[in-house]
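Novice: I'd like to go over a predicted model; first the sequence, then the structure.
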Amino acid sequence: MAATSRSSIMAPSFLLILSTLVPAMMAIMPGGVVQRWTIHERVVIRVPRTEAGPASPVRWRERKAPRCLKLTEVSAATIAAPASVDLLMSDGRRIRARLEGECRSAGFYSGFYVRPGSDGMLCADRDVIRIRSGAACAIDRFRLLTQRR
């Protein structure tokens, strides 16, 4: 927690120092040659894994789901089926992310990371989820889960 607050304080300080140095460098450098600096910001969101839940297994029915989900609505994840990760949404929905190819969900035991797009959405056939080892799995599709009665 301390590292996060320290880096959030250091970034504006760095920009303030940089903004004062550039005009001074222009005056010192012959011909007014200035190097261009570009600062990129990268955001990575960690989605924690929760425990499976009740002792008796729940049987799920898969239904059609949207192609994209708002990342702000994803609150946790759990592994309930091979080659998929169940996303627990803040509104109580449970959505299964089916993974492409040979990706197995066993590697997601401690959660996963998502690099959000510029639209703030997590989309099938576009985005990947990453685990700590560096492996990445593409999302094939989403399925809305409802309990069978």
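Specialist: Perfect, I can see it now.
Novice: Torsion angles phi and psi at Glu73?
Specialist: Main-chain dihedrals, Glu73, degrees, to the nearest 10: phi -90, psi -10.
Novice: list the contacts for it?
Specialist: Glu73 makes contact with Met89, Ser90, Asp91, according to C-beta atoms under 8 Å, 6 or more residues apart in numbering. In this view, the C-beta of every residue, glycine as well, is placed from N, C-alpha and C.
Novice: Counting neighbours, which of these comes out on top?
Specialist: Comparing those by number of neighbours (other C-beta atoms under 10 Å), Met89 comes first, having 15 neighbours.
Novice: Quick one: mean pLDDT over whichever strand in the chain runs longest.
Specialist: Longest strand in the chain, counting residues (DSSP state E): strand 136-147. For strand 136-147, the mean per-residue pLDDT is 93.
Novice: how about it: buried residues?
Specialist: Cys137, Ile139, Asp140, Arg141, Phe142, Arg143, Leu144, Leu145 (16 or more other C-beta atoms under 10 Å).
Novice: and what of stretch 76-88?
Specialist: For stretch 76-88, the neighbour count (16+ other C-beta under 10 Å) marks Ala77, Thr78, Ile79, Ala80, Ala83, Ser84, Val85, Asp86, Leu87, Leu88 as buried.
Novice: for the contacts of Glu73, which one is nearest Arg126?
Specialist: Met89 (18.9 Å; C-beta to C-beta).
Novice: Would you confirm that that closest one contacts Ser75?
Specialist: Yes. Under the criterion of C-beta atoms under 8 Å, Met89 makes contact with Ser75 at 6.5 Å.
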